[in-house]
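S.K.: fold the following, please.
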Amino acid sequence: MARPRGVTWLALAVLLLSAVNLLRAIRVFSGPDHLAQLNLSVSPAYLGVSGLAWAAVLGAAASGLWRLQPWGRWLALGAVSLFHLNAWLNRLAFEVSTYARQVWPWEALVSVLAVGLTWAVLWRPSVRDAFQRGR
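M.R.: Prediction:
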């Protein structure tokens, strides 16, 4: 059975999100001297470890979506939702500049669209059937 097109695009988007988090972790761990000069409101170790964790979870979700594994569907639903929730908790806790708060409406729109599209694609009856049958 062919993978539904929406699942293919979603798997690629989740893989891209995983790669961005991996790059974040690599940058944090490869340039700690530069980060020390930035006077961050959060520990660089937190940024690096959370980047690695999200890269692993989102990468697993993308793999499960690509292979039409039932666990991949559930992992993607949870991971994308929790990733955006975590991002908002980080914003609320650590963003202190007025500029950062000025872009919150745009970031909120992106979060709502990303989570909404993920749920919309993965709850379509034809997509749910595809995951039940497997590949």
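S.K.: which residues touch Leu65?
M.R.: Each residue near Leu65 by Cβ atoms under 8 Å, 6 or more residues apart in numbering is listed here: 7, 10-11, 14, 72-73, 76. Where you see a C-beta, it was placed from the backbone N, CA and C, and this is true even at glycine.
S.K.: so it is in which element?
M.R.: According to DSSP states H and E, Leu65 maps onto helix 44-66.
S.K.: got the CA positions of that helix in CSV?
M.R.: Output of helix 44-66 as CSV, limited to C-alpha atoms (Å, rounded to 0.1, in the frame of the first residue of the first chain):
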residue,chain,number,x,y,z
PRO,A,44,23.6,26.2,27.5
ALA,A,45,23.6,22.6,28.8
TYR,A,46,19.8,22.8,28.9
LEU,A,47,19.7,24.0,25.3
GLY,A,48,22.0,21.3,24.2
VAL,A,49,20.4,18.4,26.0
SER,A,50,16.9,19.4,25.1
GLY,A,51,18.0,19.7,21.5
LEU,A,52,19.4,16.2,21.5
ALA,A,53,16.3,14.8,23.2
TRP,A,54,13.9,16.5,20.8
ALA,A,55,16.0,15.4,17.8
ALA,A,56,15.8,11.8,19.0
VAL,A,57,12.1,11.8,19.7
LEU,A,58,11.1,13.6,16.5
GLY,A,59,13.5,11.5,14.4
ALA,A,60,11.8,8.4,15.8
ALA,A,61,8.4,9.8,15.0
ALA,A,62,9.4,10.7,11.5
SER,A,63,10.7,7.2,11.0
GLY,A,64,7.5,5.7,12.3
LEU,A,65,5.4,7.9,10.0
TRP,A,66,7.5,7.0,7.0
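S.K.: what mean pLDDT would you report for it?
M.R.: Taken as a whole, helix 44-66 has an average pLDDT of 95.
S.K.: cool, stretch 112-120 as well?
M.R.: 97.
S.K.: show me which positions of it end up buried.
M.R.: Neighbour counts over stretch 112-120 (16 or more other Cβ atoms under 10 Å) mark 114-115, 118 as buried.
S.K.: got phi/psi on Trp123?
M.R.: In terms of degrees, to the nearest 10, the main-chain angles of Trp123 are phi -100, psi 0.
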